[in-house]
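> Quick one, fold the following:
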Amino acid sequence: MKKLINTIENEFVIGFNEIQKKLEECKISVEEHIPKPEIAWEIKNHLADEFNIAGTNGNFSLIKGKAKSKKTFFIGLTIAATTNNQTVQNTLRAPFKAEKTNVLYFDTEQSKYHVQTALKRICEENNLKKLDSLKTYALRKHTPPERLKLIEHAIYNTPNLGFVVIDGIRDLITSINDESESSAMASKLLKWSEELNIHIVVVLHENPTGDKARGHIGTELTNKAETVLTVTADKDILEMSEVTPGSCRNKPFEAFAFEINESGMPVIIQGYTSKKIKTPKFDLLALNPSEKFRIITEAFSNGESFNHGELVIQLRLATDNLNKGSSGRSDNKIIKLITEGKNNGWLVQTQNRAPYTLGNLFSPNS
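Residues are numbered from 1 along each chain as shown. I've put the predicted structure just below:
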């Protein structure tokens, strides 16, 4: 019995020491010099003429989008940048590091033929017949556990590894809504990227009816990723897709778009302006006094006096003539503008129900 007790006590001490050692390894001191993480890849903000960080070594990024949004074409451009020390199409670049030249590219969905086609596009983008630094694998025929093992083996056994792309992270687990599997997958990505000081890009579909990455795995990856990018197919132009920043730990990049040319190559559209950039909503009552008086003056360009109903119509036309559009100037707001104009002396009415005439912007009542 005494021997058993001693064994238990020894195991407890060993376990305690191991935990204490791991805890000390995680401890952060204000006096410790911790260098900034190396930049893995960047996206140019053309408006500011600067590059914004898309990902750093020791972290992972998430690319999401609906099925057939051309995510794989964008991934090809990204990989082309990581295998070339030049800026790709004046938009994507990856700072070249001699000790981290190798790139791994895993596809879990496409056939060997289509994965090879994607590989050929990457080589063509770099004007090369082949890329020795890029190792590409089609994993569709394997089960989720087998894919995970193969990827982990390649990551830990590829010398000078700097960048990894997993197109189809969902296919490394059996259920996208399994919390334990999803958490374990996110932990794997964090572990791989930190231990090897590499950057990993993973790709996941969005929900068919929303813009969130699919399942619990999508939630986990969105929360843990350094950068989340969305690829959206244009509703009007069949061959065009837009790339926009989601949640970013670094300064968000400027949205840009690419189209597929006649040769089947993705071409970034220079000078593109995102359709998602919304102009401030027009509100008639939120205008400053001079702008409101300008609209009233425009209304009286069609006559010297109007009754109430006529003035409502003329003010409606005036907002259209001044390119204000129909939104934000309902008849209720026009009626309130008439009341405000009357109180400020911009509109003159000698008595109730009498016609309105044009007043002055700087009247004694304003």
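> can you give me the strands for the stretch 151-300 of the chain?
With strands called from DSSP state E, counting those that start in this stretch, the stretch 151-300 of the chain shows them at 161-167, 199-205, 227-233, 240-248, 256-260, 266-268.
> Show me what the first one pairs with in its sheet, parallel or antiparallel.
Looking at strand 161-167 with DSSP bridges, its paired strands and their directions are strand 102-107 (parallel), strand 199-205 (parallel).
> mind saving the C-alpha coords of that strand as PDB?
Once non-C-alpha atoms are left out, strand 161-167 reads as follows in PDB (Å, rounded to 0.1, in the frame of the first residue of the first chain):
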ATOM      1  CA  LEU A 161       7.900  26.000 -45.400                       C
ATOM      2  CA  GLY A 162       6.400  29.500 -45.400                       C
ATOM      3  CA  PHE A 163       2.900  29.400 -46.700                       C
ATOM      4  CA  VAL A 164       0.000  26.900 -46.700                       C
ATOM      5  CA  VAL A 165      -3.300  26.900 -48.500                       C
ATOM      6  CA  ILE A 166      -6.100  24.500 -47.600                       C
ATOM      7  CA  ASP A 167      -9.000  24.900 -50.100                       C
END
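> looking at the strands of the stretch 151-300 of the chain, which has the lowest confidence?
Lowest mean pLDDT of the strands of the stretch 151-300 of the chain: strand 240-248, a mean of 92.
> Residue 158 contacts residue 104, doesn't it?
Yes: between residue 158 and residue 104 there is a contact at 6.1 Å, judged by Cβ atoms under 8 Å. Yep, even glycine has a C-beta here, placed from its N, CA and C like the rest.
> From residue 71, how far off is the spatially most central residue of the chain?
The residue lying closest to the centre of the chain (Cα atoms, centre = their mean) is residue 245, at 2.1 Å. As for residue 245, its distance to residue 71 is 15 Å (criterion: Cβ to Cβ, to the nearest Å).
> what's the answer for residue 202, then?
Counting by Cβ to Cβ - residue 202 and residue 71 are separated by 11 Å.
> what does residue 120 give?
Counting by Cβ to Cβ, the gap from residue 120 to residue 71 is 18 Å.
> okay, the two: which has more neighbours?
residue 71 (26 against 14; other Cβ atoms under 10 Å).
> so what pLDDT did that one get?
Predicted confidence (pLDDT) for residue 71: 96.
> quick one on the thing from earlier: I'd like the strands paired with strand 161-167 as JSON lines, with mean neighbour count and distance to residue 178 appended.
Converted to JSON lines, those look like this (neighbours: other Cβ atoms under 10 Å; distance: least, Cβ to Cβ, whole Å):
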{"stretch": "strand 102-107", "mean neighbour count": "23", "distance to residue 178": "21"}
{"stretch": "strand 199-205", "mean neighbour count": "25", "distance to residue 178": "15"}
